[in-house]
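Enquirer: need coordinates for the following:
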Amino acid sequence: MTTVTTELLTVPEVMARLKLGRSKVYDLIRSHRLVSIKIDGSRRIPLDSVSSFILAQIDEAA
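Expert: Sure, this is the predicted structure:
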């Protein structure tokens with residue numbers, strides 16, 4: 001069995017961390033730039049996905 005050690009964030013928490021609006025966060029999810037899962041209809045984004053997104057943006061800018 002795989003052990004998951006990442007924290008799951010809500011869309012509003014991701015919005016606050018990335019300083020982005022709701023529709024932009026959902027755009028990132030739709031375009032698979034942010035990984036997300038649904039738990040009983042609630043969207044959750046792993047903290048690791050947010051970190052990976054930020055690192056990818058830094059690499060892209062360099």
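
Enquirer: could you list the residues in contact with the longest strand that the chain contains?
Expert: Using DSSP state E to define each element, the chain has its longest strand at strand 42-46. With CB atoms under 8 Å, 6 or more residues apart in numbering as the contact definition, strand 42-46 has outside contacts at 6-11, 14, 29, 34-38. Quick note: C-beta positions are derived from backbone N, CA and C, even for glycine.

Enquirer: how about the residues you listed in a markdown table, adding secondary structure?
Expert: Putting these into a markdown table (DSSP: H, G, I helix; E, B strand; the rest coil) gives the following:
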| residue | secondary structure |
| --- | --- |
| 6 | coil |
| 7 | coil |
| 8 | strand |
| 9 | strand |
| 10 | coil |
| 11 | helix |
| 14 | helix |
| 29 | helix |
| 34 | coil |
| 35 | coil |
| 36 | coil |
| 37 | strand |
| 38 | strand |
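
Enquirer: returning to what we had before: would you list the strands that the longest strand of the chain pairs with, along with their directions?
Expert: Partner strands and pairing direction for strand 42-46 (DSSP bridges) are strand 8-9 (antiparallel), strand 37-39 (antiparallel).

Enquirer: how about low-confidence regions in this protein?
Expert: 1-5 (pLDDT under 70).

Enquirer: residue 11 against residue 22, yeah?
Expert: Yes. Between residue 11 and residue 22 there is a contact at 6.4 Å, judged by CB atoms under 8 Å.

Enquirer: compare those two (neighbour count), which wins?
Expert: residue 11 (17 against 11; other CB atoms under 10 Å).

Enquirer: ok, now which ones touch that one?
Expert: 22, 25, 26, 43, 45.

Enquirer: residues near the second one, how many?
Expert: If I follow you right, that is residue 25. Residue 25: 22 surrounding residues under other CB under 10 Å.

Enquirer: run the angle between whichever helix or strand it is part of and strand 42-46 for me.
Expert: Taking DSSP states H and E as the definition, residue 25 sits inside helix 22-30. Inter-element angle recorded for helix 22-30 and strand 42-46: 70 degrees (by axes from the mean of the first three to the mean of the last three CA atoms, to 10 degrees).

Enquirer: restrict helix 22-30 to CA atoms and write it as CSV.
Expert: Below are the C-alpha coordinates for helix 22-30, written out as CSV (Å, rounded to 0.1, in the frame of the first residue of the first chain):
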residue,chain,number,x,y,z
ARG,A,22,-10.9,31.3,-8.6
SER,A,23,-11.3,31.0,-12.4
LYS,A,24,-7.6,31.0,-13.0
VAL,A,25,-7.1,28.2,-10.5
TYR,A,26,-9.8,26.2,-12.2
ASP,A,27,-8.1,27.0,-15.6
LEU,A,28,-4.9,25.5,-14.3
ILE,A,29,-6.7,22.4,-13.1
ARG,A,30,-8.5,22.0,-16.5
